[in-house]
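Chemist: Here is a sequence with its predicted model. Questions after.
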Amino acid sequence: MENMEESPLRITPTVRALSSALRATRGNVHDCVRRGDGGNRMFPEPEKLWFKESTGKNLRSRDFLSPSTMLNTLYADGQLPPAVMSRVLSVRGRGVLPVAGGEVMDEGLRVRIDRAAAFKAVLAGGATEYLTPSAQRQGCVVLNCPALHPKTNPPTPESLTLGQLRTILLADHMGALLRGQGFSVSLCPLIPEDSDMVSFLRTLDIDWPTSPANWTNEEGEEKIQEALEKSTYRERETERGRRTSGGGGRKNTEEGENEAAVRVNLKRVFQDEGLQGYDPSLGTCTVHRDSVSHLAQLDLATADCTQVAAATALHVTSCQDEFRQQQIAMLWRASGATHTQRHLVCGPVKTPASQLSAAQYLQLRRGQMKEASEMKYGDQVEGQTWDDIIRVMTSATIRFELLSTVHTSPVTLDVQREGGVSTKGPRGGVFVMYNCARLHTLFDSYDRGVEKGLYPDIPDGSELDFSALKEEGEWLLLFNYLIPFSEVLDQSGPALDCEGGGARVNLKTEQICKFLVSLSRDFSSYYNRVHVLGEPLPHLFNQMFCRLYLLRALRELYHSALETLNLPPIRQL
């Protein structure tokens with residue numbers, strides 16, 4: 001196949017190439033195809049012409065399917081002209097998977113990929129190009145987490161709600177994803193380095209930026225205050241007396257409040273600038289000190305974005321705090337900020353029959369993880385190594401519990417103390433970390449076999465015959481996980497700066513967690529069924545090495561995916 005080894009194989013270019021091959025010239029299209037206003041025939045969109053198969057059952061007979069309904073749309077009685085079939089079977093191009101064959105069946109046109117060629121193209125070079133985003137982007141993103149801004153008092157682990165913890169974890173995850181895509185990312189706000197919040201977040205593997213203990217941002221706050229006082233959206237004496245919309249975190253102005261307080265008409269801000277998606281009940285807002293502090297932190301975080309063509313502030317907030325954050329966003333705009341602002345809003349976290357702070361939740365899960373480990377491993381669970389393992393596994397449990405759900409949807413947690421967490425079974429973070437550890441254990445066993453002279457060193461991939469990978473699970477792991485992974489990593493960034501759509505932005509923030517859980521289920525099924533390290537017999541080595549190439553690439557895929565969650569892999573459990 002042309003350029004197959006030079007260009008990483010991708011699902012999207014393959015679907016596009018197949019769609020282009022399937023589209024006929026006008027003369028071949030069925031007369032009943034609907035027409036547009038100008039009399040031109042309307043073709044189905046390329047992404048609707050083909051389905052990528054993913055289940056083990058369907059992958060036994062096909063890898064891509066163009067359903068019979070699509071064939072009937074394009075051709076009279078769904079009869080595929082021989083010339084079109086020939087084009088489909090000979091598709092090629094940059095990133096296009098090699099086609100081995102195809103046929104029209106009752107369900108439609110099914111296509112099979114040349115699996116041996118695909119295995120070689122992906123694995124022989126180490127699969128490194130499949131473990132990172134397929135393209136690098138430019139721009140500056142400020143991830144603002146309102147949960148960490150001081151209100152009346154600085155936030156603490158004890159005052160932090162589970163809904164707010166969800167927003168912090170989400171901001172941390174988004175930061176890693178966007179950095180991987182090439183964005184310059186800043187986290188806002190800075191938190192005092194001597195605060196309990198710093199150690200709490202580090203326990204969860206969150207490295208949030210800090211400020212010196214006695215640091216203040218007085219100069220920045222004075223600049224914001226002055227800008228709001230001079231803003232064209234400030235209400236003057238003659239405009240007062242109307243109902244205000246609060247002060248960005250405090251109750252509406254009380255009787256007797258200082259008449260010199262700055263009030264800003266937020267509704268005029270988003271109306272004059274044509275901003276969509278803001279709450280129409282946003283009215284006049286009294287500017288309080290905590291709002292000024294918040295805005296000054298945002299200014300500080302965006303200070304380094306001046307040299308970047310595109311800058312976006314992404315406010316990651318809970319649904320309970322969304323209204324207040326819209327106030328802050330419009331106050332920032334009224335102060336003169338011109339950065340694009342989007343709001344990533346999280347649904348609530350529910351804990352039936354219990355009310356836990358973030359600190360209590362962490363303590364509960366850590367205790368359950370230690371208890372589960374002791375039940376499985378007994379007296380081995382002691383010392384610094386096990387303390388580190390339990391810390392990481394606790395962090396993984398919490399991250400997967402709070403991030404595996406679509407961010408707009410509520411999360412319901414079982415926080416009964418007797419519920420416990422399992423060290424086995426397909427239950428989120430623990431299951432993922434366990435299967436990652438199994439891959440490390442496998443390669444440790446292989447290395448010991450090499451030291452003992454049982455196995456030779458793994459040869460260069462060009463020397464292997466990858467047609468030996470015939471197990472159903474092997475193709476499933478390559479086709480569903482290794483090949484698509486870079487495209488999964490691509491999907492967060494472009495939505496940030498898309499035109500229109502309102503204040504809110506909906507991102508597929510749950511994808512990595514769901515991807516890892518699904519991968520772990522399929523890998524576990526394969527690993528429990530196939531004996532990778534076989535008898536040390538020369539005629540078996542080729543197949544063993546091909547499998548080791550596949551599983552080594554999977555191990556690196558785990559590492560890359562876990563890195564977006566800031567979770568270090570555990571080598572053994």
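Modeler: Noted; the coordinates are in hand.

Chemist: show me the contacts for the residue most central in space within the chain.
Modeler: Residue closest to the mean C-alpha point of the chain, counted by Cα atoms, centre = their mean, is residue 509 at 4.1 Å. Residues in contact with residue 509 (Cβ atoms under 8 Å, 6 or more residues apart in numbering) are 170, 173, 174, 344, 403, 406, 407, 492. From N, CA and C alone the C-beta is placed, and that goes for glycine too.

Chemist: Now the phi/psi pair for the fourth one, please.
Modeler: In this case it means residue 344. Main-chain torsions, residue 344, degrees, to the nearest 10: phi -100, psi 110.

Chemist: Look at it and say how many residues are nearby.
Modeler: 22 (other Cβ atoms under 10 Å).

Chemist: Excluding sequence neighbours, find me the nearest residue to it.
Modeler: Closest residue to residue 344 apart from its sequence neighbours, by Cβ to Cβ, 6 or more residues apart in numbering: residue 316 at 4.7 Å.

Chemist: all strands of this protein, in order?
Modeler: Listed in chain order, the strands of the chain (DSSP state E) span 51-52, 64-67, 99-105, 108-113, 140-144, 184-188, 191-192, 210-211, 263-265, 284-286, 311-318, 340-346, 349-350, 411-412.

Chemist: Just send those back as a markdown table, with distance to residue 561 and mean pLDDT too.
Modeler: Shown next, in a markdown table, are these (distance: least, Cβ to Cβ, whole Å; pLDDT from 0 to 100):
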| stretch | distance to residue 561 | mean pLDDT |
| --- | --- | --- |
| strand 51-52 | 20 | 92 |
| strand 64-67 | 25 | 94 |
| strand 99-105 | 29 | 94 |
| strand 108-113 | 24 | 95 |
| strand 140-144 | 20 | 94 |
| strand 184-188 | 18 | 94 |
| strand 191-192 | 27 | 94 |
| strand 210-211 | 27 | 94 |
| strand 263-265 | 44 | 94 |
| strand 284-286 | 42 | 92 |
| strand 311-318 | 20 | 93 |
| strand 340-346 | 20 | 94 |
| strand 349-350 | 23 | 94 |
| strand 411-412 | 21 | 94 |
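
Chemist: Show me the one of those strands that comes nearest residue 217.
Modeler: Among the strands of the chain, strand 210-211 comes nearest to residue 217, with 8.3 Å by Cβ to Cβ.

Chemist: Would you pull up how far that closest one lies from the middle of the chain?
Modeler: The chain centre lies 26 Å from the centre of strand 210-211; the measure is Cα atoms, centre = their mean, to the nearest Å.

Chemist: give the contact list for the residue nearest to residue 570 when sequence neighbours are not counted.
Modeler: Computed as Cβ to Cβ, 6+ apart, the closest residue to residue 570 that is not its neighbour in sequence is residue 437, at 5.0 Å. Applying Cβ under 8 Å, 6+ apart to residue 437 gives the contacts 569, 570, 571, 572, 573.

Chemist: and the first one, what pLDDT?
Modeler: Reported pLDDT at residue 569 in the predicted model: 93.

Chemist: ok, so what distance separates residue 465 from residue 513?
Modeler: Taking Cβ to Cβ, to the nearest Å as the measure, residue 465 falls 36 Å from residue 513.

Chemist: which of these two has more neighbours?
Modeler: Between residue 465 and residue 513, residue 513 has the larger neighbour count (other Cβ under 10 Å), namely 24 against 13.

Chemist: Can you tell me how far that one is from residue 199?
Modeler: For residue 513, the distance to residue 199 - Cβ to Cβ - is 25 Å.

Chemist: okay, residue 531: pLDDT?
Modeler: pLDDT, read off for residue 531, is 92.

Chemist: Over to residue 427?
Modeler: Reported pLDDT at residue 427 in the predicted model: 65.

Chemist: One more: residue 214?
Modeler: pLDDT recorded at residue 214 is 85.

Chemist: Could you tell me how many residues sit around it?
Modeler: With other Cβ under 10 Å as criterion, residue 214 counts 7.

Chemist: Also residue 467?
Modeler: Count around residue 467 with other Cβ under 10 Å applied: 15.

Chemist: For residue 224, which non-adjacent residue is spatially closest?
Modeler: Using Cβ to Cβ, 6+ apart and skipping residues adjacent in sequence, the residue nearest residue 224 is residue 295, 4.6 Å away.

Chemist: Surely that neighbour is in contact with residue 223?
Modeler: No: applying Cβ atoms under 8 Å, one finds residue 295 not in contact with residue 223, separated by 9.4 Å.

Chemist: ok, these two, which is more surrounded?
Modeler: residue 295 (27 against 17).

Chemist: circling back: can I get the strands of the chain in JSON lines including distance to residue 229?
Modeler: Shown next, in JSON lines, are those (distance: least, Cβ to Cβ, whole Å):
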{"stretch": "strand 51-52", "distance to residue 229": "57"}
{"stretch": "strand 64-67", "distance to residue 229": "62"}
{"stretch": "strand 99-105", "distance to residue 229": "67"}
{"stretch": "strand 108-113", "distance to residue 229": "65"}
{"stretch": "strand 140-144", "distance to residue 229": "23"}
{"stretch": "strand 184-188", "distance to residue 229": "23"}
{"stretch": "strand 191-192", "distance to residue 229": "28"}
{"stretch": "strand 210-211", "distance to residue 229": "26"}
{"stretch": "strand 263-265", "distance to residue 229": "10"}
{"stretch": "strand 284-286", "distance to residue 229": "13"}
{"stretch": "strand 311-318", "distance to residue 229": "23"}
{"stretch": "strand 340-346", "distance to residue 229": "22"}
{"stretch": "strand 349-350", "distance to residue 229": "39"}
{"stretch": "strand 411-412", "distance to residue 229": "42"}
